[in-house]
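S.K.: turn this into a structure:
(one chain, ligands or ions: 1)
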Amino acid sequence: MFAVHCPAHGTRVLIWSSGVEAVRNTDDGIEVDYRCTCGHRGTWRTGRRRSERARLTIAKDAGAEYGVMRPPLAVSGSPA
Ligand SMILES: [Zn+2]
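M.R.: Numbering: from 1, shown residues only. Below is the predicted model of the structure:
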């Protein structure tokens, strides 16, 4: 469920899952085509843009590499 401004109602309305007609992943984020209870159709955009997702992935991967590059723990003694 999500809230959108419906021009036919002239106010914000809740769209239930039964009002969702399509969901697409695009470079601009997630597009949800919906139909309001009054019949008005629209598209709600949510999620992150592709460029923002890529930046977050690079930052996450850099953190993972840093973890791999940490010096190994010193091991003292040897198994008997
Ligand atoms: Zn409406």
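
S.K.: which stretches in this protein count as strands?
M.R.: 2-6, 11-15, 20-26, 29-35, 41-46 (DSSP state E).

S.K.: so who does the residue nearest the centre of the chain touch?
M.R.: Geometric centre of the chain, nearest residue: Gly47, 3.9 Å, by C-alpha atoms, centre = their mean. Neighbouring residues of Gly47 by C-beta atoms under 8 Å, 6 or more residues apart in numbering: 25, 29-30. Heads up, the C-betas are built off the backbone N, CA and C, glycines and all.

S.K.: just the buried ones from these?
M.R.: Buried by 16 or more other C-beta atoms under 10 Å: Gly29, out of the contacts of Gly47.

S.K.: redo the contacts of Gly47 as TSV? Include distance to Ala59.
M.R.: Below are the contacts of Gly47 laid out as TSV (distance: C-beta to C-beta, whole Å):
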residue	distance to Ala59
Asn25	21
Gly29	19
Ile30	21
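
S.K.: what does the protein put close to the ion?
M.R.: Residues of the chain lying close to the ion (C-beta under 5 Å from the ion) are 6, 8-9, 36, 38, 40.

S.K.: before we move on, the earlier item: against the ion, how distant is the residue nearest to the centre of the chain?
M.R.: 23 Å (C-beta to the ion, to the nearest Å).

S.K.: what of Ser18?
M.R.: Taking C-beta to the ion, one finds Ser18 at 14 Å from the ion.

S.K.: give me the pLDDT for that residue.
M.R.: Looking at Ser18, its pLDDT stands at 97.

S.K.: repeat for Ala8
M.R.: On the pLDDT scale, Ala8 gets 96.

S.K.: show me the contacts for it.
M.R.: Ala8 touches 36, 38-40, counting by C-beta under 8 Å, 6+ apart.

S.K.: give me phi/psi at the residue lying closest to His40 once chain neighbours are set aside?
M.R.: Nearest residue to His40, sequence neighbours excluded (C-beta to C-beta, 6 or more residues apart in numbering): Ala8, at 4.2 Å. Dihedral angles of Ala8 (phi, psi; degrees, to the nearest 10) stand at phi -70, psi -40.
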